[in-house]
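Chemist: only geometry, no sequence info:
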């Protein structure tokens with residue numbers, strides 16, 4: 001240790017030591033730049049799919065239920081019978097909720113079945129307007145990870161950017177600080193390719209802004 005300290009005291013060795021430290025700092029800076037350049041990170045994300053709710057057209061008694069949670073259905077498939085009327089689905093989808101209370105009274109305001117179309121499943125990420133929103137455009141490649149599936153990276157592309165902020169109503173105060181608005185970026189992916197991804201899962205996404 002004393003010998004090392006003695007060498008460091010030597011001006012020539014000390015200058016060499018500083019040069020090495022400088023090179024390491026520069027390399028670290030270059031690596032960090034390469035990692036973050038042309039990328040926008042959106043941590044506040046989740047798997048999102050529009051939910052379709054199907055209900056009977058008139059009030060009646062649920063006498064038969066032909067659908068169950070987790071079942072894939074196609075447009076026109078029978079879902080159940082309400083007072084002699086067979087209820088059909090008007091779209092393909094995955095059933096995420098089904099009313100199995102046979103004998104109960106249902107109405108047009110009741111939920112008979114809820115389903116999602118896997119083709120419409122996307123990652124919805126919320127981003128502050130000053131965190132790279134202007135660099136994001138439709139068609140750019142994006143990767144994402146899902147908290148429930150650690151160690152896996154999935155891929156998609158930017159499909160939509162919300163045209164208005166999530167909260168457009170401004171609150172005025174004596175403070176001169178302007179509120180930061182948030183927008184939603186949607187990334188579409190092939191749900192058939194990644195069947196392990198479920199609606200509602202938490203995620204994080206990275207948009208590669210130099211891909212278009």
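Modeler: Nice, I can see it. As the structure is a computational prediction, the values presented were derived from the model and not from experiment. Numbers count the residues shown, from 1 in each chain.
Chemist: Check the burial of the residue nearest to residue 40 when sequence neighbours are not counted by counting its neighbours.
Modeler: Distances taken as C-beta to C-beta, 6 or more residues apart in numbering put residue 132 closest to residue 40, at 3.7 Å, once the chain neighbours are dropped. In this view, the C-beta of every residue, glycine as well, is placed from N, C-alpha and C. Per other C-beta atoms under 10 Å, the neighbour tally for residue 132 reads 17.
Chemist: now residue 90
Modeler: 10.
Chemist: ditto for residue 130
Modeler: With other C-beta under 10 Å as criterion, residue 130 counts 9.
Chemist: residues in contact with residue 192?
Modeler: By C-beta atoms under 8 Å, 6 or more residues apart in numbering, the contact list for residue 192 reads residue 118.
Chemist: Per-residue confidence, it, what does it come out as?
Modeler: Listed pLDDT for residue 192 reads 87.
Chemist: how far away is it from residue 92?
Modeler: Noted for residue 192: a distance of 12 Å to residue 92, by C-beta to C-beta, to the nearest Å.
Chemist: Check residue 39 too.
Modeler: 35 Å.
Chemist: correct me, but residue 78 touches residue 66?
Modeler: Yes. Here residue 78 lies in contact with residue 66, judged by C-beta atoms under 8 Å, at a distance of 5.2 Å.
Chemist: Any chance you could list residues touching both of these two?
Modeler: Counting by C-beta under 8 Å, 6+ apart, residue 78 and residue 66 have no contacts in common.
Chemist: what comes up buried for the strand of greatest length in the chain?
Modeler: For the chain, the longest strand by residue count, based on DSSP state E, is strand 39-48. Buried residues in strand 39-48, counting neighbours by 16 or more other C-beta atoms under 10 Å, are found at 39-40, 42, 45-48.
Chemist: what residues does that strand touch?
Modeler: Residues contacting strand 39-48 (C-beta under 8 Å, 6+ apart): 121-127, 131-133, 135-136, 144, 146, 185-186, 197-209.
Chemist: Would you confirm that residue 197 belongs to a strand?
Modeler: No. Assessed with DSSP: H, G, I helix; E, B strand; the rest coil, residue 197 is coil; it does not lie in a strand.
Chemist: Now do the contacts for it.
Modeler: Each residue near residue 197 by C-beta under 8 Å, 6+ apart is listed here: 47, 121, 146, 149, 154, 189, 191.
Chemist: separation between the first one and residue 89?
Modeler: What that stands for is residue 47. Residue 47 sits 22 Å away from residue 89, going by C-beta to C-beta.
Chemist: Could you break this protein into its assigned domains?
Modeler: Taking automatic domain parsing as the reference, the chain has its domains at 2-33, 36-49+119-208, 51-117.
Chemist: which ones are touching the residue nearest to residue 196 when sequence neighbours are not counted?
Modeler: Excluding its sequence neighbours, the residue lying closest to residue 196 (C-beta to C-beta, 6+ apart) is residue 149, at 6.1 Å. Contact analysis of residue 149 by C-beta under 8 Å, 6+ apart lists 196-197, 201.
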